[in-house]
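> build the 3D model from these lines:
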Amino acid sequence: MGPGVRSPWRWDVDGFFVVSGLSLAVASAHADFTRWRDWSAFFIRRLFRIWPLYAVATLIAAALLIHNGAPFGAGLGKLVLVNLTLAFGWLDPSKAIPVGGWSLAVEVAFYMLFPASMLTVRLGRWSLPVLAAAATFAMLVGAAHLDRNGSLTPQWADYVRLRQHAAFFVCGMALGLSATPLSRLPRPASVALVAVGGLTFFATALAFGGSDAVSLVQPAPRFCFLVALTLMAAGACRRESAGVLERVAELLGQASYPVYLIHPLAYESLRLFVEPGWAGSLALTPAVIVLSIVIHRRLEIPVILRGAKLAKAVAQPRGGMGAAMTGSPAGSARSGASRIRSRAIETR
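Have a look, this model is predicted:
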């Protein structure tokens with residue numbers, strides 16, 4: 001397999017940005033972001049959803065760096081503190097310590113922009129298309145600044161910046177605000193969207209893939225990837241019956257955030273004892289999935305429930321019985337614990 005076929009898996013993270021924008025828009029469809037209380041409740045939910053596991057992953061990754069010879073001093077300490085704020089997505093997401101942590105920093109920046117974006121979208125029917133067009137333009141301009149004749153590695157800090165990925169999040173928001181009609185699509189139409197999106201994804205990799213990954217982050221392939229991932233997400237919006245495959249997919253979706261952060265840490269930890277190679281990596285996969293499910297149920301859900309409870313208290317005026325906003329995929333604060341638990345999932 002040539003580099004053009006291998007390389008597209010690097011860009012799957014943009015699919016998570018699409019799904020994140022979609023899920024936030026669905027959960028926040030009835031949120032009233034004209035009140036500061038709703039903004040506060042939204043940020044509380046996001047904080048309890050993302051930060052605890054990322055903080056643990058950061059500390060473990062830093063320990064592995066020290067074990068592998070990184071100097072233990074003020075430099076690493078400052079980098080750890082920067083990571084623990086999760087605010088470095090605005091400046092330099094490449095400073096992430098955990099592998100893939102840059103995407104979490106970028107997503108937190110999207111969270112900070114989300115309430116204002118939803119208010120902007122509600123100003124008029126043209127607000128969302130204008131926002132999507134502006135984000136796409138920023139992505140294409142950012143991609144054009146990358147040197148196609150060089151390598152992506154020295155340009156990585158530029159590639160992971162906010163402007164390179166905002167279009168994917170905004171397109172996800174657009175899908176989320178159209179989720180009701182998309183959920184009613186006939187099955188053939190839904191399958192066709194997923195199939196066309198998948199074919200476009202791999203055709204883009206084959207058409208533009210070169211000797212270096214930088215060939216796939218130029219304006220044309222980036223736009224094609226945006227279209228492909230949006231089509232696949234649109235097709236996946238169809239409401240399916242709760243069959244075995246759907247339940248397995250839901251279980252994996254619940255554990256996807258721990259899997260995303262833990263699998264490189266597990267691989268690096270295994271390398272402390274033995275070089276795993278392909279066989280070891282494949283053997284490690286089931287263990288990582290099981291561990292991630294346990295972490296989700298034992299760590300994430302209790303923390304998410306605490307965040308939802310605190311957000312509910314913040315969203316409701318003192319002494320009032322106003323409806324609490326459903327401001328994130330972490331769940332609806334209006335319902336009981338079972339309702340919150342069922343909505344505590346974000347596909348990340």
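> let me know the pLDDT of L119.
L119 carries a pLDDT value of 88.
> give the contact list for the spatially closest residue to it that is not a sequence neighbour.
Closest residue in space to L119, ignoring its immediate chain neighbours: F33 at 5.2 Å, by C-beta to C-beta, 6 or more residues apart in numbering. Bear in mind the C-beta positions are built from the backbone N, C-alpha and C, glycine included. Contacts for F33 were tallied using C-beta atoms under 8 Å, 6 or more residues apart in numbering; they are W39, F42, P115, A116, M118, L119.
> go through those and flag which are in helices.
W39, F42, P115, A116, M118, L119 (DSSP state H).
> now for these, which pair is the farthest apart?
F42 and L119 (11.9 Å; C-beta to C-beta).
> neighbour count winner among those two?
Ranked by neighbour count (other C-beta atoms under 10 Å), F42 and L119 place F42 first, with 28 against 14.
> state the distance from that one to A315.
As defined by C-beta to C-beta, to the nearest Å, F42 lies at a distance of 9 Å from A315.
> swap in L193?
Here the criterion is C-beta to C-beta. By it, L193 lies 35 Å from A315.
> what segments of the stretch 151-300 of the chain are helices?
All helices of the stretch 151-300 of the chain, identified by DSSP state H, counting those that start in this stretch, fall at 156-159, 166-177, 179-183, 187-208, 219-235, 244-254, 256-271, 277-295.
> what's the closest of those helices to L84?
L84 lies closest, by C-beta to C-beta, to one member of the helices of the stretch 151-300 of the chain: helix 256-271, at 14.1 Å.
> ok, residues contacting that closest one?
Counting by C-beta under 8 Å, 6+ apart, 16, 53-54, 57, 60-61, 64, 98-101, 252, 276, 280-281, 284-285, 287-289, 291-293, 295-296, 300, 346-348 sit against helix 256-271.
> what ranges of this structure fall below the confidence cut-off?
For the chain, the stretches with pLDDT under 70 are 1-11, 240-242, 318-348.
> could you rerun that using 80?
Applying pLDDT under 80 to the chain picks out residues 1-12, 70, 72-74, 123-125, 209-212, 239-247, 249-250, 271-281, 317-348.
> quick one on the thing from earlier: closest to L310 among the ones in helices among the contacts of F33?
L310 has its nearest neighbour among the ones in helices among the contacts of F33 in F42, at 12.0 Å by C-beta to C-beta.
> how much space separates that closest one from F208?
Using C-beta to C-beta, F42 is found at 38 Å from F208.
> what number of residues lie near Q155?
Around Q155 there are 16 residues (other C-beta under 10 Å).
> residues contacting it?
L146, D147, V214.
> of the helices of the stretch 151-300 of the chain, give the one that comes closest to F110.
Nearest of these to F110, taken as C-beta to C-beta: helix 166-177 at 4.9 Å.
> what helices or strands is the closest one leaning on?
Applying 3 or more C-beta pairs under 8 Å, 6 or more residues apart in numbering; DSSP states H and E, one finds that helix 166-177 contacts helix 12-27, helix 101-121, helix 127-144, helix 219-235.
> most tightly surrounded among the ones you listed?
helix 12-27 (a mean of 23; mean count of other C-beta atoms under 10 Å).
> put the alpha carbons of that helix into CSV.
What follows is helix 12-27, C-alpha atoms only, in CSV (Å, rounded to 0.1, in the frame of the first residue of the first chain):
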residue,chain,number,x,y,z
ASP,A,12,-9.9,10.8,10.9
VAL,A,13,-9.7,13.2,13.8
ASP,A,14,-11.4,15.8,11.7
GLY,A,15,-14.3,13.3,11.6
PHE,A,16,-14.4,13.6,15.4
PHE,A,17,-14.7,17.4,15.0
VAL,A,18,-17.7,16.9,12.8
VAL,A,19,-19.3,14.5,15.3
SER,A,20,-18.6,16.9,18.1
GLY,A,21,-20.2,19.8,16.4
LEU,A,22,-23.2,17.6,15.5
SER,A,23,-23.7,16.3,19.0
LEU,A,24,-23.4,19.6,20.7
ALA,A,25,-25.9,21.2,18.3
VAL,A,26,-28.4,18.4,18.9
ALA,A,27,-28.1,18.6,22.7
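> and the angle for that helix with helix 256-271?
Angle, helix 12-27 to helix 256-271, by axes from the mean of the first three to the mean of the last three C-alpha atoms, to 10 degrees: 150 degrees.
> quick one, which of the helices and strands packed on helix 166-177 gets closest to G172.
So among the helices and strands packed on helix 166-177, helix 12-27 is nearest, using C-beta to C-beta, at 2.6 Å.
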